[in-house]
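Asker: any chance you could fold what I've pasted below:
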Amino acid sequence: MAILNWSSAIQHCQQRGNGYVIATIINTQGSTPRDGGSKMVITTDATYDTIGGGQLEFLLVQQARELLTQNKTCQILKPIPLAAEAAQCCGGNVTVMLEAFAACSWQIALFGAGHVCQSLVTILAGLPCQVRVIDNRPELMTNSLPANCRYEFYADPTEAIAHLPDDAWVIIFTHDHALDYALCKTLLSDQRWAYAGMIGSQTKALRFRKRLVDAGFAAQAIEKIYSPIGLPEVKGKMPMEVAVSIAAQLQSLYYQRVPVQSGHSTSWRDIKTIMQVQKTTGILCE
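Answerer: As a prediction, this is how the structure comes out:
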């Protein structure tokens, strides 16, 4: 996607979940380098379009990047006398609105690029998340993905876990039960993730639990990986039906995690309680 102006830059940032700031001149007095309504977009490492250049723009870019480090969505108004504050000889005054948009914090890792994954990404394309599809079969990475999704090839997918961001949401549905088990072991050895779930039957879940206990993992730790995943109310075994069930559960948990107007926020450790209340089928350790 060619980024030609500030509006293209906004679309680019939203699709990739990047934080950005829109700087808009909303009022001018006297001689100014740009008129009211001029806009630019500022990210942590780039700027798009201009509101006049010079020291004015330099100061605003600095302040915008300070806002980006806070990763919060907010608005501020900044009146700037160009001569006194920006040392610009045009001598007028401008008022600039800085609108900061936080980077996406919902990072999802899908291990396995098969049929259910392909159905699931079509749903996740419309949700406020960033998705990486991880697999060791390059032939499955030829289909185009939505803008908020990307492929990552690993000959050994367990190695990808070390590269996941903190608080990632992890879904396991590979073609290989041995790989599923190896991923569970690696996740239990690197518990930086917010949520982990695995597709499969109750029998598979119980067998994995026993093997993980025998491997020395504590039952309390094993309980953090949920299997089978998905809402039991959503029936069906077709890939899209399974994907709808998984996506519905993820979205339900996500919106119970994010802050609401009262300021309350559900902690990650409350997810187990939430899922039990929802009567999710087959928690891995019952």
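
Asker: quick one: buried residues of the lengthiest helix in the chain?
Answerer: Longest helix in the chain, counting residues (DSSP state H): helix 239-257. For helix 239-257, a neighbour-count test (16 or more other CB atoms under 10 Å) marks Val242, Ala243, Val244, Ser245, Ile246, Ala247, Gln249, Leu250, Gln251, Leu253, Tyr254, Arg257 as buried. No exception for glycine: its C-beta is placed from N, CA and C like everyone else's.

Asker: so what secondary structure elements neighbour that helix?
Answerer: Counting by 3 or more CB pairs under 8 Å, 6 or more residues apart in numbering; DSSP states H and E, the packing neighbours recorded for helix 239-257 are helix 115-124, strand 169-172, strand 195-198, helix 271-277.

Asker: ok, the residue lying closest to Ile42 once chain neighbours are set aside - how many residues close by?
Answerer: Closest residue in space to Ile42, ignoring its immediate chain neighbours: Ala64 at 4.0 Å, by CB to CB, 6 or more residues apart in numbering. Using other CB atoms under 10 Å, Ala64 is surrounded by 25 other residues.

Asker: wait, doesn't Ala64 sit right on Ala23?
Answerer: Yes. At 6.3 Å, Ala64 and Ala23 qualify as touching, with contact defined as CB atoms under 8 Å.

Asker: shared neighbours, those two?
Answerer: Ile42, Leu98 (CB atoms under 8 Å, 6 or more residues apart in numbering).

Asker: pull up the pairing partners for the host helix or strand of Glu152, direction included.
Answerer: Glu152 belongs to strand 149-153 when assigned by DSSP states H and E. Partners of strand 149-153 in the sheet, by DSSP bridges, are strand 130-135 (parallel).

Asker: any idea of the angle the helix or strand His12 falls within forms with strand 149-153?
Answerer: Counting by DSSP H and E, the element that carries His12 is helix 6-16. Per axes from the mean of the first three to the mean of the last three CA atoms, to 10 degrees, the angle that helix 6-16 makes with strand 149-153 is 50 degrees.

Asker: report the contact partners of Val131.
Answerer: Ile108, Ala109, Leu110, Val121, Leu124, Pro146, Asn148, Cys149, Arg150.

Asker: what sits closest to it if chain neighbours are left out?
Answerer: Distances taken as CB to CB, 6+ apart put Cys149 closest to Val131, at 4.2 Å, once the chain neighbours are dropped.

Asker: quick one: that neighbour from Lys210, how far?
Answerer: Using CB to CB, to the nearest Å, Cys149 is found at 35 Å from Lys210.

Asker: so the two - more neighbours on which side?
Answerer: More crowded of Cys149 and Lys210, by other CB under 10 Å: Cys149, with 21 against 11.

Asker: what residues are up against the more buried one?
Answerer: Applying CB under 8 Å, 6+ apart, we find Cys149 in contact with Val121, Leu124, Ala125, Gln130, Val131, Arg132, Val133.

Asker: tell me the bridge partners for the closest residue to the second one other than its chain neighbours.
Answerer: Yep, that's Leu124 we're talking about. Excluding its sequence neighbours, the residue lying closest to Leu124 (CB to CB, 6+ apart) is Val131, at 5.2 Å. Listed beta-bridge partners, Val131: Ile108, Cys149 (assigned using DSSP bridges).
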